[in-house]
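Enquirer: Based on what follows, work out the 3D shape:
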Amino acid sequence: MINSVSYFSPPFCLAAIRKRSKTSGVMITQYLVNMPEGKSTPDFQCKPVTCLLGKLAVFKAVVTGDPKPDVSWRRAKGTLSDKEKFQTKYDELTEEHILEIHKVSVAETDTYKCFAANEYGKAVCTTTLTVTEGKSCPLNTFKEDSVLSFFYKVERADGESDERFWDAMLKADRNDYERICSEFGVKDLHLILKKLDEKKKEKSQNKRKIKAEEREDALFECVLTHPLPNITWMGKGNILEDGEKYHLTMSDHKLIHRLLIKDCQMLDKGIYSAVVGNTSCNAWLVVEGITQITDNIILLQLLKTSLDPPRFDLEDLSAFTEPKTVKVGHNAIFKLHFLGHKPIKIQWFREGEELQDDNNTRIEKSASQSRLLLSRCQRKDTGEIKIKLKNEHGFTEALSRLIVLDKPTPPLGPAEVTESSATCIEFRWRPPKDDGGSPVINYIMERQQVGRNTWKKIAEIPGVSSYRDTGVERGRKYCYRIRAVTAEGTSEVMETEEMQAAFPGPPAPPKVASAFDDCINLSWAPPSNTGGSRILGYILEKRKKGSNLWSVVNANDELINEKKYAVKDVVAGMEYEFRVTAINLSGAGEFSSPSEFVFARDPKKPPGKVTGLKVTETSYNHLVLTWTKPEDKPGIQDEARGYFVEIRQADCIEWSRCNSTPIIMTSFSVKGLKSMDMYWVRVIAINDGGESEPEELPNYVLAMPSPVRPRFTNHKMKSFFVVRAGNSVRITVNFEASPRPAIIWLKDNVPVTKRITISNSDGSSQLLIPSSERSDSGIYSILVKNLVGQETLSAEVRVTDDPKPPGPVELEENVPGTVTVIWEPSPDEKRDDRLHYTVSKLDSTKRSWVTVADRLFNNKFTVCNIINGREYHFRVYAKNDMGISAPSESPTWEVEKKKEKFLVSVPTMKDCDLRCAPSFIVPLKLHTAPKGYECYMSCAVKGNPKPRITWYRNHISLNTNTNYYISNTCGVCTMLILRVGPKDMGEYSVIAENSLGRAECSTILNVRGEKKIYWLYLR
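Expert: This is a model prediction of the structure:
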């Protein structure tokens, strides 16, 4: 039975399996999951026998296993190094391994173990030896589950010895009779049982006549089947108590109770008994006057005959414990007969998990047997099978093992190339993870040349997971398919990746170790890919700078064995580069990348310090350095070939290089700085001779830009925002400033409230009103300020909504033919200075409404051309930046047409002069318009002949200015300004002229929010 899996470190690192032996009490550790055919782990063939002969204790054990195991003995609390006291032997005749303990004393009371081990596993068994004090002969006690059981062997006067078989039978439980007979080769069990009953009776009679010498001590010992704290000892009908004559003791586990009778006299002879409840057993003590002094020990077995725990039938148990092997898809049946007090609870387990009836499991139970049927077994069902019986008197278990055989799983990849040459590929793989319960017999090998569609079977090798293919062609690539073969079938295929009798890869580029006028020393690293075979050597080539021709440095038949070489075929002052290739069994591989160019000249002197080091630009995360290269002084300091820039923070003592390779330019940008940190900076010049002394800036550098006055960069940002109430307001302002400025947002010159969210970052700031209200209307300003200066930017935000309609509408007639429409203002007029009104008219003779006035900022309007006899309806709307309100309706307006008598009169003909000078019937009005809105000016003029009309602003004619829309229709003169701005403020005048005269009318236009212009109108 497999209990657990652990890991250990023998020469091969595999899983160790612990299991129980068929011989109870023996624990076996198996090193291999799949044992080779004909091999086995160590095991104990039968219960080893131990004899106690006077002052000599003898342990005997018979061990099996192939290869033959090595047997050793150990004890728990001491060693067996005393060769005179502890002697180990091997009896070739009986094949018994023997441990003899001479002159046994109390010191030898201990736990002893016997170990048997070979290369496939080990087995171990354990027992304890207890030796009591006094002159009595040492007696061993034993545990029922111990393999090393002690048997008391008595030497009779005539030299005849009891047989080990009968001692084992007398000591064993009924369930072990069949096994003991099998171990000793006894076949007639029925006859043996009869003789065993006779021997038990004879032994019982002998016990009742134990003899003891006068003046010596006698010891009675009772072994119980269950621990009890107290039993009653009786002697000649009297209860015995602990005292000077009688000494009552008990073992720690309360199973062994002892009675010691001190200084035996003739009066002490008689019957002594141990009593537990209604059960007792007794023995005679015979005291003789003159006889050989010996210690007498009586072992009384007290049995509770009323208990009837469950137990198995011996024949069924022997068959059940044998592992059951079935093929995959077949059924497995386990059954056992049993006895015991009813009712008995029956449980079946597989690998510790209780089984229940299902599609593949069926459990049959009856009063005396149980049957387990496992249908359509799969490989995963392999494992321990256990049955457990339990009643009110105890429980018992039996173990078996189910082995389901199946074909193996595919071999495990990836395949590893162990050797590769021009004509050979050798590789290996791992065996299948699961061999299906049978060892791998063969591997079937197939090969395919890359680029072809056919597979060719090339070999069927024994169960070794490696193969050497000698039938390959140079430069060709191949794939292989591998199948594992066992007695149960062939596995699925495992396909390898492409393999090739490969050339080595390129080595690393050669590195120059040193250079002189007549020699250049090189070294290189071997290729990472050897091509599957060992590297035989290297070929080195050189090339002059500016040339395309590579020449071999070493002779063709003389490979370089080491990974370095001194090139002496050079010309002083010339510049060279080198490359190298590796050679293996397949041939030469690829060349490496060329080395850096190197001059064939003696080493140079280090350069001098750089000069003129300064910082030309800084920011929060970088700075720019410039310097002048050091002076070249032959023999003292040579020319610099490159530069390293190093920095360190002010609170750090270690310098760090900003460039990993030397730079050629005399300027460098250091990036990745921490904002507002202080840095020390230095520059080091370098050439082939080494590094110069560092040149360091005299002061630290602060990681911040040069001071810049705040400046706004989003020139196209709107200065006026109209937002519907409830919507969000978002104003984003971009700016430039250094150092970082302080940012303040104001609303109407007061800091904004906490309800408004301000988000600042490098170069921008954002104002956010998540849900705007009408009270949020106003002028918002941002103040950006640093140590250099400050700037302010403003924007007007108007939060509004659809306006409410005007109040009631009234109609008046002040001039015949006209109607004056008067209305109450909209409730929103006070909160919205951009609110205005529109008036529409409906004539009874027409079906559509006509707008007669728009963009009215007052609350009345006079409608002309009213014809008597028609009905008129008027509507007034309020409008703002968001939309238009619902209309307010006027009452119906109607003027009845007067009927007059028709009179015909013949007028007298006389000449009439209709000419007149221009005059203004309706003058211009004062106008105050919001910034960005339209402005509409109008007046009425009469004159005959028709006067010529000219518009002026600040005495400058506007008639030819395309920014103003000017019209003259039937004497009504109008001018429209589409988008009023500060530049439109001023005095506007209209001049009407004809041949009879000239008339002028003027007004002032103010823009709301700008400084007003006051004008005195003189008529």
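
Enquirer: Low-confidence regions, the stretch 51-200 of the chain specifically.
Expert: For the stretch 51-200 of the chain, the stretches with pLDDT under 70 are 51-55, 132-163, 171, 187.

Enquirer: residue ranges of the strands in it, please?
Expert: 56-61, 63-66, 70-75, 86-91, 96-102, 110-118, 121-129, 149-151 (DSSP state E, counting those that start in this stretch).

Enquirer: Ok, which of those strands comes nearest residue 834?
Expert: strand 121-129 (100.9 Å; Cβ to Cβ). C-beta: built from backbone N, CA, C; applies to glycine.

Enquirer: what's the closest of the strands of the stretch 51-200 of the chain to residue 777?
Expert: Among those, the nearest to residue 777 by Cβ to Cβ is strand 121-129 (93.7 Å).

Enquirer: now stretch 880-891: how far from the chain's centre is it?
Expert: 65 Å (Cα atoms, centre = their mean, to the nearest Å).

Enquirer: what's the span of that stretch, first residue to last?
Expert: 25 Å (Cα to Cα, to the nearest Å).

Enquirer: Stretch 832-845 too?
Expert: By Cα to Cα, the extent of stretch 832-845 from end to end equals 37 Å.

Enquirer: could you say which helix or strand contains the closest residue to residue 493 other than its chain neighbours?
Expert: Leaving aside its sequence neighbours, residue 493 sits nearest to residue 481 (Cβ to Cβ, 6 or more residues apart in numbering; 4.7 Å). Residue 481 belongs to strand 477-486 when assigned by DSSP states H and E.

Enquirer: Export stretch 403-415 to CSV, keeping only CA atoms.
Expert: Taking C-alpha atoms only, stretch 403-415 is exported to CSV below (Å, rounded to 0.1, in the frame of the first residue of the first chain):
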residue,chain,number,x,y,z
ILE,A,403,-3.4,-2.0,-10.9
VAL,A,404,-5.0,-0.9,-14.2
LEU,A,405,-2.8,-1.6,-17.2
ASP,A,406,-2.9,0.7,-20.3
LYS,A,407,-0.6,1.7,-23.1
PRO,A,408,2.0,4.2,-22.1
THR,A,409,1.8,8.0,-22.6
PRO,A,410,4.1,9.5,-25.3
PRO,A,411,7.8,10.0,-24.4
LEU,A,412,8.6,13.4,-22.9
GLY,A,413,10.4,16.1,-24.8
PRO,A,414,12.0,18.3,-25.8
ALA,A,415,14.7,16.1,-27.3
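
Enquirer: Same question for that stretch: list its buried residues.
Expert: 403-411, 415 (16 or more other Cβ atoms under 10 Å).

Enquirer: on that earlier part again, and the strands of the stretch 51-200 of the chain as TSV, adding mean neighbour count and distance to residue 272?
Expert: Conversion of these to TSV gives the following (neighbours: other Cβ atoms under 10 Å; distance: least, Cβ to Cβ, whole Å):
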stretch	mean neighbour count	distance to residue 272
strand 56-61	20	28
strand 63-66	19	42
strand 70-75	16	35
strand 86-91	13	37
strand 96-102	20	31
strand 110-118	19	31
strand 121-129	21	26
strand 149-151	20	24
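
Enquirer: Of all the ones you listed, which one is nearest residue 824?
Expert: Of all the strands of the stretch 51-200 of the chain, strand 121-129 comes closest under Cβ to Cβ, at 111.5 Å.

Enquirer: Could you give the separation of the closest one from the chain centroid?
Expert: 47 Å.

Enquirer: Strand 70-75 and that strand, what's the angle between them?
Expert: Calculated by axes from the mean of the first three to the mean of the last three Cα atoms, to 10 degrees, strand 121-129 forms an angle of 30 degrees with strand 70-75.

Enquirer: Tell me the strands beside strand 121-129, with direction?
Expert: strand 27-30 (antiparallel), strand 110-118 (antiparallel) (DSSP bridges).

Enquirer: Identify the residues contacting residue 679.
Expert: Counting by Cβ atoms under 8 Å, 6 or more residues apart in numbering, residue 679 touches 623, 647-650, 670, 673, 700-701, 703.

Enquirer: Is it possible to mark the buried ones in those?
Expert: Using 16+ other Cβ under 10 Å as the threshold, 623, 647, 649, 670, 673, 701, 703 are the buried ones among the contacts of residue 679.

Enquirer: rewinding a little: what would the buried residues of stretch 403-415 look like in JSON lines with distance to residue 716, secondary structure and pLDDT?
Expert: Formatted as JSON lines, the buried residues of stretch 403-415 follow (distance: Cβ to Cβ, whole Å; DSSP: H, G, I helix; E, B strand; the rest coil; pLDDT from 0 to 100):
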{"residue": "403", "distance to residue 716": "85", "secondary structure": "strand", "pLDDT": "91"}
{"residue": "404", "distance to residue 716": "82", "secondary structure": "strand", "pLDDT": "92"}
{"residue": "405", "distance to residue 716": "84", "secondary structure": "strand", "pLDDT": "92"}
{"residue": "406", "distance to residue 716": "79", "secondary structure": "coil", "pLDDT": "91"}
{"residue": "407", "distance to residue 716": "79", "secondary structure": "coil", "pLDDT": "91"}
{"residue": "408", "distance to residue 716": "77", "secondary structure": "coil", "pLDDT": "92"}
{"residue": "409", "distance to residue 716": "72", "secondary structure": "coil", "pLDDT": "92"}
{"residue": "410", "distance to residue 716": "71", "secondary structure": "coil", "pLDDT": "93"}
{"residue": "411", "distance to residue 716": "73", "secondary structure": "coil", "pLDDT": "93"}
{"residue": "415", "distance to residue 716": "69", "secondary structure": "strand", "pLDDT": "87"}
